[in-house]
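**Q** Mind looking at a prediction? Sequence and model below.
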Amino acid sequence: MSSLMELPITPPEAAPSSGSEPVWIVPLHEHPPYGHVRLKRVFATDGTRHQVVLVDARKLIACADRDDTDYVLPPVQEWHPGKLRGIREFLDPSNARIPHMPYVTISTRCAPGLLGWLRLEHEGVVAFRNGQHRARYMMAAGAVWFPVEVHEREAALLRQYCGASDDARTALRPSSGNVAGGPRS
């Protein structure tokens, strides 16, 4: 993908311990104001029981749309202009503050239809604990994949239902340090 940033990539375990934390650069393919966003972990302390999972944006939002217990947002196109402006400014990579990646939880339920009734087919249901606006906006702006944080006991399930393809996991990795700005599209 030509729009991926050519930044020095360092896995999180190799990031310097001098207070800088890994920063994920997420390309936006349909977003003229800027071509990428930067995200950092919610739970960045040592010993955290949370993991970063790289998700397919469409799969994650499809699972989130199934959540009937939490607040589910309408499509980005239906948001108030002030909300759109606010999230666009919040995610702008020229800001000094780096936003946290979305934080989710996932469960399963029986899928609709005969196989679900027979308990043979299940579907993932994602609930956002934080970052639902970010996730939906990034997908609408053309993000194909992005990182989210999830408790370690739910990470495998999230990968099963929403995980990004192998090429995404090699293309989108965190860089160490506080990466500012970057090239604009």
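**A** Structure's in. What do you need?
**Q** Can you pull out the low-pLDDT segments for the protein?
**A** For the chain, residues meeting the criterion pLDDT under 70 lie at 1-20, 46, 70, 115-117, 119, 167-185.
**Q** if we go to 80?
**A** 1-20, 45-47, 70-72, 110-121, 166-185 (pLDDT under 80).
**Q** and the lengthiest helix in it, what other elements does it pack with?
**A** For the chain, the longest helix by residue count, based on DSSP state H, is helix 81-91. Other helices and strands packing on helix 81-91, by 3 or more Cβ pairs under 8 Å, 6 or more residues apart in numbering; DSSP states H and E, are helix 132-140. C-beta: built from backbone N, CA, C; applies to glycine.
**Q** L91 reaches R136, doesn't it?
**A** No: the pair L91 / R136 is not scored as a contact, 11.7 Å apart, by Cβ atoms under 8 Å.
**Q** Residues touching the longest helix of the chain, excluding its own?
**A** Contacting residues not belonging to helix 81-91 are listed as P33, V37, V76, N95, P99, H133, R134, Y137, M138 [Cβ atoms under 8 Å, 6 or more residues apart in numbering].
**Q** all strands for the protein, in order.
**A** Using DSSP state E, the strands of the chain run over residues 24-27, 36-39, 50-56, 103-110, 122-130, 145-151.
**Q** winner for burial among those?
**A** strand 36-39 (a mean of 25; mean count of other Cβ atoms under 10 Å).
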